[in-house]
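>>> Below is the sequence, then the predicted model.
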Amino acid sequence: VNIRGETIPGYIFSAADWSLDIGYGRSFSDFSAGLGFKLVHEQHESLSTSVVAVDAGAMYKTPLEGLKLGVSALNIGTKGMLVKESYSLPMEGRLGWRYDQSIIGATMDVIFSGEGIGTQSDTSAGAVASPLLGIAAGIECRPVDIMAIRVGYRTGSDYDGVSGLRAGLGVSWHGIGVDYAYAPYGKLGATHRIALSYHGAAQNGDADESE
């Protein structure tokens with residue numbers, strides 16, 4: 001079945017997406033805050049749409065060495081349109097912590113999300129999805145300063161198998177970062193994501209330790 005609801009024997013569905021993100025953050029003693037803007041483009045068969053969204057977050061470095069607390073709000077923005085349906089990015093609120101000790105870092109987030117909040121169509125006007133509560137946890141290992149190996153799991157997936165699994169690898173050098181992430185989605189297959197980033201030197205002379 002294609003995106004228009006037509007049944008075609010042997011049909012293979014194709015889709016792709018990309019995003020462009022720009023962010024800025026500042027540190028104030030033990031507190032840090034940041035704001036990000038992103039453009040997201042999705043392609044489904046011959047149809048495409050784009051949305052613009054804002055992310056915001058704050059972090060507190062606790063008196064316990066290596067422990068940080070954070071809060072963020074993601075995907076606050078415009079809607080995209082495909083066929084006769086309009087879509088918003090899934091808005092998320094996160095509360096979490098990160099603890100670093102030597103070359104190992106551990107993190108956990110409590111996630112409040114609404115998949116497709118504001119989604120509307122000509123057959124279900126005003127319909128919205130119920131917000132979901134999930135937990136994401138992960139471990140990062142830095143065997144050398146420029147490399148990070150990551151593995152994690154997120155609950156709440158609607159797909160079969162180990163679709164909550166996440167794994168990845170990151171390399172950074174002189175502020176330039178390349179990150180790869182792998183995530184399975186049951187019968188839909190797996191996604192492979194590559195992100196390029198640049199972090200300028202912090203104004204207080206310290207290296208930027210977080211994204």
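Yep, it's here.

>>> which helices and strands does the worst-scoring helix or strand of the chain on mean pLDDT pack with?
Every helix and strand in the chain was compared by mean pLDDT, DSSP states H and E; the lowest is strand 85-88, with a mean of 77. The contact analysis (3 or more CB pairs under 8 Å, 6 or more residues apart in numbering; DSSP states H and E) places strand 85-88 against strand 47-61, strand 79-82. Where you see a C-beta, it was placed from the backbone N, CA and C, and this is true even at glycine.

>>> Is the residue positioned nearest the centre of the chain within a helix or a strand, and which one?
For the chain, the residue sitting closest to the mean C-alpha position, by CA atoms, centre = their mean, is L74 at 8.6 Å. Element membership for L74, per DSSP states H and E: strand 67-77.

>>> same for that strand, what does it pack against?
Against strand 67-77 (3+ CB pairs under 8 Å, 6+ apart) you get strand 47-61, strand 91-101.

>>> Out of the helices and strands packed on strand 85-88, the one nearest G96 is which?
The closest of the helices and strands packed on strand 85-88 to G96 is strand 47-61. By CB to CB, the value is 9.5 Å.

>>> picking that back up, quick one: the residue lying closest to the residue nearest to the centre of the chain once chain neighbours are set aside from L132, how far?
Among residues not flanking L74 along the chain, E92 sits closest, at 4.3 Å (CB to CB, 6 or more residues apart in numbering). Per CB to CB, to the nearest Å, E92 is found 10 Å from L132.

>>> for this structure, which spans come out with low pLDDT?
Within the chain, the stretches with pLDDT under 70 are 1-13, 83, 114-131, 156-162, 201-211.

>>> Kindly recompute the last result at 80.
In the predicted model of the chain, residues 1-16, 44-47, 81-88, 114-132, 156-163, 185-189, 199-211 satisfy pLDDT under 80.

>>> Would you map the helices across it?
Remark: no helices are assigned in the chain by DSSP state H.

>>> hmm, back to that, the residue nearest to the centre of the chain touches D55, doesn't it?
Yes. Assessed by CB atoms under 8 Å, L74 is found in contact with D55 at 4.8 Å.

>>> any idea how far L95 is from A136?
Per CB to CB, A136 is found 11 Å from L95.

>>> Those two - which one has more neighbours?
A direct count of neighbours by other CB atoms under 10 Å for A136 and L95 places A136 higher, at 18 against 13.

>>> Could I get the contacting residues of the more buried one?
96, 108-109, 111, 152-155 (CB atoms under 8 Å, 6 or more residues apart in numbering).

>>> beta partners of it?
Listed by DSSP bridges, the beta-bridge partners for A136 are D109, R154.

>>> rewinding a little: got the angle between the strand holding L74 and strand 47-61?
Interaxial angle of strand 67-77 relative to strand 47-61 (axes from the mean of the first three to the mean of the last three CA atoms, to 10 degrees): 150 degrees.

>>> Who does strand 67-77 pair with, and is each partner parallel or antiparallel?
strand 47-61 (antiparallel), strand 91-101 (antiparallel).

>>> Tell me which residues touch the residue nearest to the centre of the chain, please.
Per CB under 8 Å, 6+ apart, neighbours of L74: 53, 55, 91-94.

>>> Could you provide the helices and strands packed on strand 85-88 in TSV, with additional columns for mean neighbour count and distance to H199?
Shown next, in TSV, are the helices and strands packed on strand 85-88 (neighbours: other CB atoms under 10 Å; distance: least, CB to CB, whole Å):
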stretch	mean neighbour count	distance to H199
strand 47-61	16	15
strand 79-82	15	29
